[in-house]
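Chemist: Sharing a model that was predicted from the sequence below.
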Amino acid sequence: MMGLTKEDIAGLLQENKDHECEGIGRDKICVRAVAVADLPSQYGQFQAVAFFNNRDNKEHAALVHGHVINQEDVVVRLHSECLTGDVFGSLRCDCHDQLITALRTLGKTKAGLLIYLRQEGRGIGFINKIKAYALQQEGLDTKEANIALGFRDDEREYSVAAHIIKSLRIRSVRLMTNNPRKIAELEQYGVKITERIPLVIQPNKYNRFYLETKEKELGHLLEGVAGRFQEQMDVPLFRRKKT
């Protein structure tokens, strides 16, 4: 794998050393690359680029496979932090499977990038996410639970991702996503998207209703996979109670 060279890394870190811009997005966030290191993994050879956020001190990660600087049609996945799924393997969402599938795909590409964004629970944080889970167990869907807690259905935004893509001087991307909002926001911030690559995960009995809600209520492009899922088992947990 031909990744970022020592010269690339030195240039990137020098450019970012004193970087300070007016920021982009609703929170006017500016990020800068502060460290790069090799990250061999079971999914392929990556280089980890650590980005610092000068507004709320959140640290974001970019996993680079191959040579992405000044390249076109780089395969990119934006993944929002999900402690329950990514770390604990929760079956209530499809986050873990999406992350692993994305890493495996990127590990086989000529030039790929995974941006790991620190916006847990679709941007509401871990505590509120667990509160939302409790409400879902009482019959609310994922959208209704967020709204009941005083949030929008999705509090995430992708200006940080756009900034990272620009910091790496990527000219255009092939975005791995099912979420039209990601496409619209990145394009709003000047990222050129040449293709959408679907990332549809087969549902299980715990997340079927969650995925149906994402498709029907949040507009995710899941190709009807949740509705087509047939299972000869008990009614899935965490589905709306009949009244």
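Modeler: It's in.

Chemist: Could you look up the SS state of Leu39?
Modeler: Three-state assignment for Leu39 (DSSP: H, G, I helix; E, B strand; the rest coil): strand.

Chemist: Neighbours of it, how many?
Modeler: Leu39 is flanked by 15 other residues according to other Cβ atoms under 10 Å. No exception for glycine: its C-beta is placed from N, CA and C like everyone else's.

Chemist: Give me the pLDDT value at it.
Modeler: Looking at Leu39, its pLDDT stands at 94.

Chemist: Quick check: it vs Arg122, distance?
Modeler: The span separating Leu39 from Arg122 equals 26 Å under the rule Cβ to Cβ, to the nearest Å.

Chemist: Ok, Gly11 next?
Modeler: Using Cβ to Cβ, Gly11 is found at 35 Å from Arg122.

Chemist: Which one's more surrounded, the two?
Modeler: Arg122 (22 against 14).

Chemist: That one sits in which helix or strand?
Modeler: Arg122 belongs to helix 120-123 when elements are defined using DSSP states H and E.

Chemist: From the chain's centroid, how far away is that helix?
Modeler: Distance of helix 120-123 from its chain centroid, counting by Cα atoms, centre = their mean, to the nearest Å, is 10 Å.

Chemist: ok, now stretch 41-54?
Modeler: 14 Å.

Chemist: Alpha carbons only: can I get that stretch in CSV?
Modeler: Extracted in CSV, the C-alpha atoms of stretch 41-54 (Å, rounded to 0.1, in the frame of the first residue of the first chain):
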residue,chain,number,x,y,z
SER,A,41,-5.7,-3.4,11.5
GLN,A,42,-7.5,-6.6,10.8
TYR,A,43,-9.4,-4.7,8.1
GLY,A,44,-6.3,-3.4,6.2
GLN,A,45,-3.4,-1.1,6.5
PHE,A,46,-4.4,2.4,7.5
GLN,A,47,-2.8,5.6,8.7
ALA,A,48,-4.6,7.5,11.5
VAL,A,49,-4.8,11.3,11.3
ALA,A,50,-5.8,13.0,14.6
PHE,A,51,-7.8,16.2,14.2
PHE,A,52,-8.3,18.8,16.9
ASN,A,53,-11.4,20.9,17.1
ASN,A,54,-10.8,24.5,18.3
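
Chemist: for the protein, what spans make up the helices?
Modeler: For the chain, the helices defined by DSSP state H cover 6-17, 95-106, 120-123, 126-137, 142-148, 159-167, 180-188, 208-216, 225-228.

Chemist: so which of those helices is the most packed in?
Modeler: Mean neighbour count (mean count of other Cβ atoms under 10 Å) peaks for helix 159-167 among the helices of the chain, with a mean of 23.

Chemist: Can you check what angle separates it from helix 180-188?
Modeler: Interaxial angle, helix 159-167 versus helix 180-188 (axes from the mean of the first three to the mean of the last three Cα atoms, to 10 degrees): 50 degrees.

Chemist: Direction-wise, compare helix 159-167 with helix 6-17 and give the angle.
Modeler: Orientation check (the same axes, to 10 degrees): helix 159-167 against helix 6-17 gives 130 degrees.

Chemist: average pLDDT for helix 159-167?
Modeler: 93.

Chemist: just stretch 128-145 next, same as before
Modeler: 91.

Chemist: Run the chain-centre distance for that stretch.
Modeler: The answer for stretch 128-145 is 21 Å, by Cα atoms, centre = their mean.

Chemist: Straight-line length of that stretch, end to end?
Modeler: In stretch 128-145, first residue to last residue: 10 Å (Cα to Cα, to the nearest Å).
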